[in-house]
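Novice: All I have is the shape, not the residue letters:
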């Protein structure tokens, strides 16, 4: 925590509890920006249309074999493992911002996905996933008959 004013764990004043919560969020945000936020790795963009969703996942340095995609109902899960680089003996790391290790990222979509027609392409470090909407989840237009 960056600052701790009137450090008293039994503090009952709501102002100080709110202040402590805000202070913790700011500190966490600063640490995440300095040391990497693995909760949001890999970064994704999600686009939706009436008929489908498109998800772009930034995973440079990985091969398609290192990534696994699964879909259940309206949840897309992307997981994999990025191996840590092997450094020559005597090498000192001055800064490390590139994520290594295992990751799991789940994206909730606004509709259920037709699992049989999901497709994915990997180009230049970007994984593009096409997720068509289930037929029964598509909006149905109702005709109005004039009498």
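Specialist: Looks like it came in fine. None of these values were measured; they are calculated from a predicted model.

Novice: Quick one: mean pLDDT for stretch 135-147?
Specialist: Confidence over stretch 135-147, taken as the mean pLDDT, stands at 85.

Novice: Run through the helices of the chain in chain order.
Specialist: For the chain, the helices defined by DSSP state H occupy 14-35.

Novice: do you know how far the residue of the chain most remote from its centre is from residue 140?
Specialist: What lies farthest from the middle of the chain is residue 147; by CA atoms, centre = their mean that is 52.1 Å. Here the distance between residue 147 and residue 140 works out to 22 Å (CB to CB, to the nearest Å). All C-beta spots, glycine's among them, are computed from the backbone N, C-alpha and C.

Novice: Give me the below-cutoff pLDDT ranges for this protein.
Specialist: Judged against pLDDT under 70, the low-scoring parts of the chain cover residues 1-13, 27-39.

Novice: residues touching residue 118, list them.
Specialist: By CB atoms under 8 Å, 6 or more residues apart in numbering, residue 118 lies in contact with 69, 71, 129, 130, 131, 132.

Novice: Surely the fifth one touches residue 113?
Specialist: Yes - taking contacts as CB atoms under 8 Å, residue 131 lies within contact range of residue 113: 4.7 Å.

Novice: Overlap in contacts, the two.
Specialist: Counting by CB under 8 Å, 6+ apart, the residues touching both residue 131 and residue 113 are 53, 71, 76.

Novice: and of these, the nearest to residue 90?
Specialist: The shortest distance between residue 90 and any of these, using CB to CB, involves residue 76 and amounts to 43.0 Å.

Novice: could you list every residue that touches the residue nearest to that closest one when sequence neighbours are not counted?
Specialist: Leaving aside its sequence neighbours, residue 76 sits nearest to residue 107 (CB to CB, 6 or more residues apart in numbering; 4.6 Å). Contacts here follow CB under 8 Å, 6+ apart; on that basis residue 107 touches 44, 46, 55, 75, 76, 77, 78.

Novice: Any of these buried? List them.
Specialist: The neighbour-count test (16 or more other CB atoms under 10 Å) marks 44, 46, 55, 76, 78 as buried among the contacts of residue 107.

Novice: Check the gap between the first one and residue 101 for me.
Specialist: It stands for residue 44. For residue 44, the distance to residue 101 (CB to CB) stands at 18 Å.

Novice: No further questions, thank you.
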